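Participant: sequence-free structure coming up:
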């Protein structure tokens, strides 16, 4: 292997370009593809656009999209309550990484299928896995290794190192959201919510806008997470551009009336944790179709519906 490329004058430029492109592709793959599109149905895109972004998240070792979505929908249904898969109330290390080790025990294949009825008909998503099994994790790892070996073979060690480093940081970004954005001694809150969700600026930078987490938990279906002028959200900027190009439609934006009603008032910023059963429809958006109907919420839309 020839590492003389590192001594070339162009090495820094090559590294920078590869790092930024790799970071954006993987980061948007998680935030736009896995999260705001598949999980929360915050927009509609053509199927090929969905596959493009979801592939970026998959190549950041996020695992099978269906099992990822099932975990995240469960998180919203039980956020910081018993049954939340990764609440820091169960320990910092648990929220950071230990929750991944026994997720299959908490959410079996039947529960994954129930949570993701809207995704189970997609053959590509099904091929990548429909459970929290070791097999789907091994497939993801193998394809990630093959992807990076291909970069090394065709583009050299500088590109490989940049892509690997970007992927490493992007992998941990959602875990930082799970932890730091649910710690009550971090960040700030714009809106009342039934959980401990916080807005943490540096997590928002690392996680392509996902760090505006209190905003997200207050309005989970919204494709826009940064709701104040200073809350930059590169994922939202990308969605906005896709909409302008005609590649995204039915983009969900936060309702101004609901935002005003949910905003924390100076004299009453304490949040009371209510049982899930007592929540009003505006307080939480269930991602399971049957629950969405029961709560009189908008039904989940089909993934990959062509934009007319």
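Facilitator: Yes, it's here. Predicted model only: the values in this text are computed from it and were never measured.
Participant: look up phi and psi at residue 199.
Facilitator: Dihedral pair for residue 199: phi -100, psi 120, per degrees, to the nearest 10.
Participant: residues in contact with it?
Facilitator: Listed by Cβ atoms under 8 Å, 6 or more residues apart in numbering, the contact set of residue 199 reads 181, 187-190, 211-215, 231. (Each C-beta comes from the backbone N, C-alpha and C, glycine too.)
Participant: 10 Å - rerun?
Facilitator: Residue 199 is in contact with 181, 186-191, 211-216, 225-228, 231, counting by Cβ atoms under 10 Å, 6 or more residues apart in numbering.
Participant: what do you get for residue 135?
Facilitator: Listed by Cβ under 10 Å, 6+ apart, the contact partners of residue 135 are 64, 129.
Participant: could you list the buried residues of the helix or strand hosting it?
Facilitator: Using DSSP states H and E, residue 135 falls within helix 134-155. In terms of neighbour count (16 or more other Cβ atoms under 10 Å), helix 134-155 has its buried residues at 136-137, 139-140, 144, 148, 151-152.
Participant: and these, which is closest to residue 263?
Facilitator: residue 140 (40.0 Å; Cβ to Cβ).
Participant: for the stretch 1-150 of the chain, which spans come out with low pLDDT?
Facilitator: Along the stretch 1-150 of the chain, the parts satisfying pLDDT under 70 run over 1-7.
Participant: one more pass at 80, please.
Facilitator: 1-9 (pLDDT under 80).
Participant: again with the stretch 151-300 of the chain
Facilitator: Under the criterion pLDDT under 80, the flagged ranges of the stretch 151-300 of the chain are 265-300.
Participant: if we can go back for a sec, which of the buried residues of helix 134-155 sit farthest apart?
Facilitator: Among these, 136 and 152 lie farthest apart (Cβ to Cβ), at 24.9 Å.
Participant: so who does the nearest residue to residue 53 once chain neighbours are set aside touch?
Facilitator: Nearest non-adjacent residue to residue 53, counting by Cβ to Cβ, 6 or more residues apart in numbering: residue 33, 3.3 Å away. Taking Cβ under 10 Å, 6+ apart, we find residue 33 in contact with 39, 45, 49-58, 62, 65, 68, 235.
Participant: for residue 169, see how far away residue 33 is.
Facilitator: 18 Å (Cβ to Cβ, to the nearest Å).
Participant: kindly report the same for residue 38.
Facilitator: From residue 38 to residue 169 the distance is 22 Å (Cβ to Cβ).
Participant: what are the boundaries of the helices in the stretch 151-300 of the chain?
Facilitator: For the stretch 151-300 of the chain, the helices defined by DSSP state H, counting those that start in this stretch occupy 157-180, 201-206, 213-218, 234-244, 256-262, 289-294.
Participant: pick the most deeply packed of those.
Facilitator: The highest average neighbour count among the helices of the stretch 151-300 of the chain, using mean count of other Cβ atoms under 10 Å, belongs to helix 213-218 at a mean of 27.
Participant: helices and strands around that one, which ones?
Facilitator: Secondary-structure packing of helix 213-218 (3 or more Cβ pairs under 10 Å, 6 or more residues apart in numbering; DSSP states H and E): helix 65-77, helix 157-180, helix 201-206, helix 256-262.
Participant: which strands and helices sit next to the second one?
Facilitator: Using 3+ Cβ pairs under 10 Å, 6+ apart, the elements in contact with helix 157-180 are helix 11-28, helix 47-58, helix 65-77, helix 92-96, helix 134-155, helix 201-206, helix 213-218.
Participant: cool, thanks, signing off.
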